[in-house]
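**Q** Could you look at this predicted model? Sequence included:
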Amino acid sequence: MIAPFALAALFGAGLWLVATSLPWMQRRPDLATQLRRLSAQGRMEVEAAQRNQGPAVFASATLERVLRPVIEDTGDLLRRLLSRVGVASPDLERRLATGWPGTTPAQFFGQKLAIGLLFFAFFPATNIAGLHPFGPWPVWVWLLGFVLGFLQPDWLLERRIARRRKAILVELPTVLDLLAMAASAGLSPEQALADVSRQVRGALGDGLRIVAREASLGTATHPEGLRALAAQEGVPEIVSMADAWQSALEQGLPLSQVMLTLADTVRERKRATLIAEGEKSSIRMLFPVVLFIFPVFLVVLLYPAGVQLLGLSE
């Protein structure tokens with residue numbers, strides 16, 4: 001008797017979430033917010049408030065308004081507890097700024113806990129609904145689901161960071177070539193970096209624009225800004241770019257030749273990495289061959305011989 005009501009409740013909740021996440025069901029900004037956007041100062045204040053608030057956690061405006069404060073408060077409590085125990089990562093803020101811009105550690109831990117509870121509640125819900133083809137799910141499966149759900153945001157964050165680093169490594173040789181062309185055209189290193197940063201899009205272009213702006217304001221030199229960018233993105237090749245830049249300035253070497261040499265070096269490293277990944281892939285292919293293909297091949301090959309030897313064909 002409970003299973004039909006549980007299924008109806010799950011179906012109704014899913015239908016409500018789908019309906020509230022549609023574009024025409026989203027909450028529209030009020031008149032005061034729209035009037036503030038008409039002025040430059042008001043638009044800057046609204047955009048600053050949105051950046052401080054971070055990206056939306058839920059697609060539904062109702063869930064965003066109701067559940068997001070609870071998730072953030074619970075996540076902040078969990079973050080402080082794990083930091084006191086010594087489990088929380090010390091560089092989490094830097095990793096979030098790189099892979100998930102706008103997300104605070106409190107929001108991140110709140111999402112981890114919420115996803116873990118969802119994975120945990122899935123198995124008892126299926127038990128109540130009678131959806132257990134292999135028998136009722138035991139409690140240790142519930143706990144395993146919570147652990148997997150709790151770790152899922154960490155895996156997603158690492159994938160986003162790795163994808164961002166890969167994009168930067170793909171863009172870096174082109175940026176070095178553009179710097180060499182700009183320097184060979186007679187521009188100073190500072191002008192070359194400023195012009196190239198305006199032409200390049202993506203994560204590397206954003207970082208180079210920040211470096212050029214800080215250098216123009218006198219906050220940091222170009223090599224210092226490049227090293228800070230390398231530390232933030234976790235790309236050591238940018239450190240080589242900063243060292244080459246500083247060596248060219250101190251020793252009076254032409255920047256164009258230094259950048260071209262560094263671009264060739266980065267391409268060779270990328271080529272070596274791709275070859276190494278290809279070799280690892282060929283090694284990883286041995287496991288499915290040995291586990292699945294080779295036993296079947298032995299059975300197909302040896303079964304007729306065994307039948308003949310044992311006289312089973314008569």
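**A** Great, that's in hand.
**Q** Can you point out the buried residues in stretch 113-123?
**A** 113-116, 119-120, 122-123 (16 or more other C-beta atoms under 10 Å). For the C-beta atoms, the positions are set from N, CA and C on the backbone; glycine is no exception.
**Q** want to throw those residues into TSV with secondary structure?
**A** Shown next, in TSV, are the buried residues of stretch 113-123 (DSSP: H, G, I helix; E, B strand; the rest coil):
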residue	secondary structure
Leu113	helix
Ala114	helix
Ile115	helix
Gly116	helix
Phe119	helix
Phe120	helix
Phe122	helix
Phe123	helix
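**Q** packing partners for whichever strand or helix holds Arg95?
**A** For Arg95, the element it lies in under DSSP states H and E is helix 92-99. When contacts are defined as 3 or more C-beta pairs under 8 Å, 6 or more residues apart in numbering; DSSP states H and E, helix 92-99 sits against helix 105-129, helix 139-184, helix 222-233.
**Q** at 10 Å instead, please
**A** helix 61-85, helix 105-129, helix 139-184, helix 222-233 (3 or more C-beta pairs under 10 Å, 6 or more residues apart in numbering; DSSP states H and E).
**Q** roughly how far is the third one from the heart of the chain?
**A** Read it as helix 139-184. 5 Å (C-alpha atoms, centre = their mean, to the nearest Å).
**Q** got it, and the first one?
**A** Between the mean C-alpha location of helix 61-85 and the chain-wide mean there is a distance of 20 Å, by C-alpha atoms, centre = their mean.
**Q** tell me the angle it makes with helix 105-129.
**A** Counting by axes from the mean of the first three to the mean of the last three C-alpha atoms, to 10 degrees, helix 61-85 points 110 degrees away from the direction of helix 105-129.
**Q** now swap in the longest one and tell me
**A** Orientation of helix 139-184 against helix 105-129 (the same axes, to 10 degrees) gives an angle of 140 degrees.
**Q** for helix 139-184, what is the average pLDDT?
**A** Averaging pLDDT along helix 139-184 yields 86.
**Q** so what secondary structure elements neighbour that helix?
**A** Helix 139-184 packs on helix 92-99, helix 105-129, helix 189-199, helix 203-217, helix 222-233, helix 236-251, helix 255-284, going by 3+ C-beta pairs under 10 Å, 6+ apart.
**Q** Is it possible to get JSON lines of these that adds mean pLDDT?
**A** Below are the helices and strands packed on helix 139-184 laid out as JSON lines (pLDDT from 0 to 100):
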{"stretch": "helix 92-99", "mean pLDDT": "81"}
{"stretch": "helix 105-129", "mean pLDDT": "85"}
{"stretch": "helix 189-199", "mean pLDDT": "81"}
{"stretch": "helix 203-217", "mean pLDDT": "83"}
{"stretch": "helix 222-233", "mean pLDDT": "82"}
{"stretch": "helix 236-251", "mean pLDDT": "78"}
{"stretch": "helix 255-284", "mean pLDDT": "76"}
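**Q** Now distance to Leu78 too, for those helices, in JSON lines please.
**A** Output for the helices and strands packed on helix 139-184, formatted as JSON lines (distance: least, C-beta to C-beta, whole Å):
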{"stretch": "helix 92-99", "distance to Leu78": "12"}
{"stretch": "helix 105-129", "distance to Leu78": "5"}
{"stretch": "helix 189-199", "distance to Leu78": "39"}
{"stretch": "helix 203-217", "distance to Leu78": "30"}
{"stretch": "helix 222-233", "distance to Leu78": "26"}
{"stretch": "helix 236-251", "distance to Leu78": "33"}
{"stretch": "helix 255-284", "distance to Leu78": "36"}
